[in-house]
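Asker: The following comprises the amino acid sequence and a computationally predicted model.
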Amino acid sequence: MNTYKSYERLVEPARPTSELWRLASSIVLVVVIFLAANVAYFNFLRGTPDWHNLSRELENGSTARSVLWMLASFGGLFAALAIALRVMHRRPISSLFGGFPACFADFWLTLRLAMVLFGIVLILPSPADFTPERAMDFVPWLMLAPMSLAAILFQITTEELVFRGYLQSQLAARFSSPWVWIVLPSALFAALHYDPSTYGENAILVAAWAGLFGLAAADLTARSGNLGPALALHFANNVSAIMFVSTKDYWDGLALYVVPFGPKDTEFVAAVLPLEGLVILCGWLVARIAIRR
């Protein structure tokens, strides 16, 4: 497909070891290592002096430290992917970016426009029931900002490496149809965001939103031939949702503002999700303009 001709830069390194048994074995290896790393990580946290309080904070990300610890836990997934790539595919994790110069260039081009888009969304007037409330004083928030930005960047980079850099490219090396290598990783991305214990009857809508984001990121990765645009869109979205305006009492420990409802408030969440889906669609279009592909 001519639209995705640049994607060969990411797919070519995957071709020598594109057997499906390798992909399946790698997925199993990633899951096993990640679970083991998570056990070790939280055992370490249990040994910290203030674990009694931290454990309660981790349940909903109610403090800055709890959100930072949760974002840092993606280190286990990053390590698991790096090991599986070496063992099963004999390639470094750096090969999943599509070349650092191109990746960084497209990341920056996309991020500049994405920041404008999300900035406009954040300052638009809200209905009274949705008006954000101040959650943290500006000075402490600003002092936390470098650490917050680094942690979010690490979290979204790990996710993009797994779903777009690895799964999508390995499938593309094996199957020619984009219906396979765009849809399957996006469907898995959506399924892993299905959380009825948190979102109740809106869980399927939240998963659908994640699937829509996955499709947008997959398309941008294939168009650009690197992870830059997907990383930028993911980063802008998560910074907006974690650092600027979060939902009340759920992953709001780093937020400057919170909306006056949480994931359990099903009517509010159901009303907001279509708008967030529209923002992702606009983000995809903005990224297309940024990279001109």
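Answerer: Thanks, I have it.

Asker: Spatially central, which residue of the protein would that be?
Answerer: residue 156 (4.0 Å; Cα atoms, centre = their mean).

Asker: For it, give its distance to residue 47.
Answerer: Between residue 156 and residue 47 the computed distance is 29 Å (Cβ to Cβ, to the nearest Å). Quick note: C-beta positions are derived from backbone N, CA and C, even for glycine.

Asker: Please name the nearest non-neighbouring residue to the residue nearest to the centre of the chain.
Answerer: Leaving aside its sequence neighbours, residue 156 sits nearest to residue 234 (Cβ to Cβ, 6 or more residues apart in numbering; 4.2 Å).

Asker: Repeat that for residue 251.
Answerer: Nearest one to residue 251, counting by Cβ to Cβ, 6+ apart, is residue 61 at 3.9 Å.

Asker: How much space separates the one you found from residue 262?
Answerer: Taken as Cβ to Cβ, the span from residue 61 to residue 262 is 11 Å.

Asker: shared neighbours of those two, which are they?
Answerer: residue 250 (Cβ atoms under 8 Å, 6 or more residues apart in numbering).

Asker: okay, those two: which has more neighbours?
Answerer: The residue with more neighbours, out of residue 61 and residue 262, is residue 61; 23 against 19, by other Cβ atoms under 10 Å.

Asker: Can I get stretch 251-263 as PDB, trimmed to CA atoms?
Answerer: What follows is stretch 251-263, C-alpha atoms only, in PDB (Å, rounded to 0.1, in the frame of the first residue of the first chain):
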ATOM      1  CA  TRP A 251      -5.100   9.000  39.200                       C
ATOM      2  CA  ASP A 252      -5.400  12.600  40.200                       C
ATOM      3  CA  GLY A 253      -2.200  12.800  42.400                       C
ATOM      4  CA  LEU A 254      -0.300  14.900  39.800                       C
ATOM      5  CA  ALA A 255      -3.100  17.000  38.500                       C
ATOM      6  CA  LEU A 256      -3.400  20.700  38.700                       C
ATOM      7  CA  TYR A 257      -7.200  20.500  38.300                       C
ATOM      8  CA  VAL A 258      -9.800  17.800  38.600                       C
ATOM      9  CA  VAL A 259     -13.300  17.500  37.200                       C
ATOM     10  CA  PRO A 260     -15.900  17.000  39.900                       C
ATOM     11  CA  PHE A 261     -16.700  13.400  39.100                       C
ATOM     12  CA  GLY A 262     -14.800  10.100  39.100                       C
ATOM     13  CA  PRO A 263     -15.000   6.900  37.000                       C
END
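
Asker: buried ones in it?
Answerer: Buried residues in stretch 251-263, defined by neighbour count with 16 or more other Cβ atoms under 10 Å: 251-259, 261-263.

Asker: Stretch 129-145 too?
Answerer: Within stretch 129-145, the residues scored as buried using 16+ other Cβ under 10 Å are 132, 135-136, 141, 144.

Asker: first vs last residue of that stretch, how far apart are they?
Answerer: 28 Å (Cα to Cα, to the nearest Å).

Asker: before we move on, the earlier item: which of the buried residues of stretch 251-263 fall within strands?
Answerer: Residues of the buried residues of stretch 251-263 located in strands (DSSP state E): 257-259.

Asker: Name all residues that make contact with residue 22.
Answerer: Contacts of residue 22 by Cβ under 8 Å, 6+ apart are 88-89.

Asker: so what's it scoring on pLDDT?
Answerer: Per-residue confidence at residue 22 stands at 97 (pLDDT).

Asker: And the next helix or strand past the helix or strand it falls within?
Answerer: Residue 22 belongs to helix 20-46 when assigned by DSSP states H and E. Following helix 20-46 in sequence order, the next helix or strand is helix 51-58 (DSSP H and E).

Asker: Using PDB, write down the CA coordinates of that next one.
Answerer: Coordinates of each C-alpha in helix 51-58 appear next as PDB, following Å, rounded to 0.1, in the frame of the first residue of the first chain:
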ATOM      1  CA  TRP A  51       3.900   1.200  53.000                       C
ATOM      2  CA  HIS A  52       0.800   1.200  55.200                       C
ATOM      3  CA  ASN A  53      -0.200   4.600  53.800                       C
ATOM      4  CA  LEU A  54       1.300   4.200  50.300                       C
ATOM      5  CA  SER A  55      -0.700   1.000  49.700                       C
ATOM      6  CA  ARG A  56      -3.900   2.900  50.200                       C
ATOM      7  CA  GLU A  57      -2.700   5.700  48.000                       C
ATOM      8  CA  LEU A  58      -1.900   3.200  45.200                       C
END
